[in-house]
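# No letters, just coordinates:
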Ligand SMILES: O=c1[nH]c(=O)c2nn[nH]c2[nH]1
């Protein structure tokens, strides 16, 4: 047998950082969960029980905290790049690092119409995520993500004209509930240095906000012919708004809400245009994926 691939490190490293603006008497917080995995000349630690090449995962964890203290943690793309580049720079036998960051929501609380200086709420399980791979002599591959953005529309969604045969029972519909949990990501043109990533810092934030806004706008306004058709429009818009983005990928579960026929009860009408009470389904669910690139 031989080792075909190997990477190791620390996962689920929870990090909180506060920024205190003395002048404005306002504090800002960031909370994230970090995974950092290393690749390099580490084969003998697997094949010969030789621990000499092992930078301990505990050391990786310590490094995550130290670099969070010494560097900005926002945008996560920049902190991810600083962290990923650190290991090949520090350890000549480590050639690549893979960093995954999940940024959790702490939205500033508005009290009596005013943003509170140091109080926040977790308004949803939605996260902003980043995946950074740094490989010596190759630079950074950065992917930015929206995770877990749960949306529903009560109409404005149809699904008809699909293929029918002896396996098909699904009825066509011109008016259905559409609900999904948006998992969207966009991959940037390769960066060569941390300085180049830093020079684009504002672009990462701007693009995240634009992608989120576009997703919600198209979800709401598109008279959806299908999940496929609506998600393609989202991807097209993001590519148009972010010239440095090379590809956009969406993964959308179709979280079904089924009509409940109640006509057996005294002829109670609750289907078609009379449908009001539905059964939300945990599963099975549709799962629709796409990757859209520039022509
Ligand atoms: O939007 C949809 N796309 C599909 O492919 C599909 N299949 N069943 N329902 C569906 N809805």
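Here it is on my side, so go on. These figures come from a predicted structure and were not determined experimentally.

# Only C-alpha atoms from now on, for both contacts and neighbour counts.
Will do.

# Now stretch 61-71: buried residues?
61, 63, 64, 65, 67, 68 (16 or more other C-alpha atoms under 10 Å).

# pLDDT averaged over that stretch - what is it?
On average, the pLDDT along stretch 61-71 is 98.

# Could you export the buried residues of stretch 61-71 as CSV, including distance to the ligand and secondary structure?
Compiled in CSV, those are given as follows (distance: C-alpha to the nearest ligand atom, whole Å; DSSP: H, G, I helix; E, B strand; the rest coil):
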residue, distance to the ligand, secondary structure
61, 43, helix
63, 45, helix
64, 41, helix
65, 43, helix
67, 44, helix
68, 42, helix
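
# Pick the one among these closest to residue 7.
Within the buried residues of stretch 61-71, the smallest distance to residue 7 is 15.1 Å, found for residue 61 (C-alpha to C-alpha).

# Does the closest one touch residue 14 like I think?
No - with contacts counted by C-alpha atoms under 8 Å, residue 61 stays clear of residue 14, the gap being 9.6 Å.

# residue in the stretch 1-150 of the chain nearest to the ligand?
residue 150 (16.1 Å; C-alpha to the nearest ligand atom).

# contacting residues around that residue?
Residue 150 sits next to 126, 179, 180, 181, 182 when contact means C-alpha atoms under 8 Å, 6 or more residues apart in numbering.

# what does the protein have sitting close to the ligand?
Proximity of the chain to the ligand, by C-alpha under 6 Å from any ligand atom, involves residues 159, 226, 227.

# For the first one, the count of nearby residues, please.
Residue crowding around residue 159 was assessed by other C-alpha atoms under 10 Å; the count is 16.

# Model confidence for it, exactly?
Per-residue pLDDT puts residue 159 at 98.

# Please report how far it lies from residue 293.
Taking C-alpha to C-alpha, to the nearest Å as the criterion, residue 159 is separated from residue 293 by 26 Å.

# Ramachandran coordinates for the most far-flung residue of the chain relative to its centre?
Residue farthest from the centre of the chain, counting by C-alpha atoms, centre = their mean, is residue 266 at 48.0 Å. With angles defined as degrees, to the nearest 10, residue 266 sits at phi 50, psi 30.

# tell me the pLDDT at it?
At residue 266, the pLDDT recorded in the model is 98.

# Likewise for residue 215?
At residue 215, the predicted lDDT confidence score is 98.

# neighbours around residue 174, how many?
13.

# Could you do residue 36 as well?
Applying other C-alpha under 10 Å, we find 27 other residues in the vicinity of residue 36.

# now for the strand or helix carrying it, which elements pack on it?
Element membership for residue 36, per DSSP states H and E: strand 26-40. Judged by 3 or more C-alpha pairs under 8 Å, 6 or more residues apart in numbering; DSSP states H and E, strand 26-40 is in contact with strand 8-21, strand 94-104, strand 114-121.

# Just want the angle from it to strand 8-21.
160 degrees (axes from the mean of the first three to the mean of the last three C-alpha atoms, to 10 degrees).

# Can you give me the buried ones in strand 26-40?
Buried, per 16+ other C-alpha under 10 Å, within strand 26-40: 28-40.

# Just the residues contacting that strand, thanks.
Outside strand 26-40, the residues that touch it by C-alpha under 8 Å, 6+ apart are 6-21, 60, 64, 73-74, 84, 87, 93-106, 117-118.

# That one pairs with which strands, parallel or anti?
Each strand paired with strand 26-40, and its direction, by DSSP bridges: strand 8-21 (antiparallel), strand 94-104 (antiparallel).

# right, so those: which one is the most enclosed?
Per-stretch averages of neighbours, counted by mean count of other C-alpha atoms under 10 Å, single out strand 94-104 among the strands paired with strand 26-40, with a mean of 23.

# Next secondary structure element downstream of it?
strand 107-111.

# What helices and strands are in contact with that next one?
Going by 3+ C-alpha pairs under 8 Å, 6+ apart, strand 107-111 lies up against strand 114-121.

# any idea how far the strand it packs on is from the chain center?
Centre-to-centre, strand 114-121 and its host chain are 25 Å apart (C-alpha atoms, centre = their mean, to the nearest Å).

# Show me what that strand packs onto, helices and strands only.
By 3+ C-alpha pairs under 8 Å, 6+ apart, strand 114-121 packs against strand 26-40, strand 107-111.

# how about the strands of the stretch 51-200 of the chain, start to end?
94-104, 107-111, 114-121, 127-135, 139-153, 178-188 (DSSP state E, counting those that start in this stretch).
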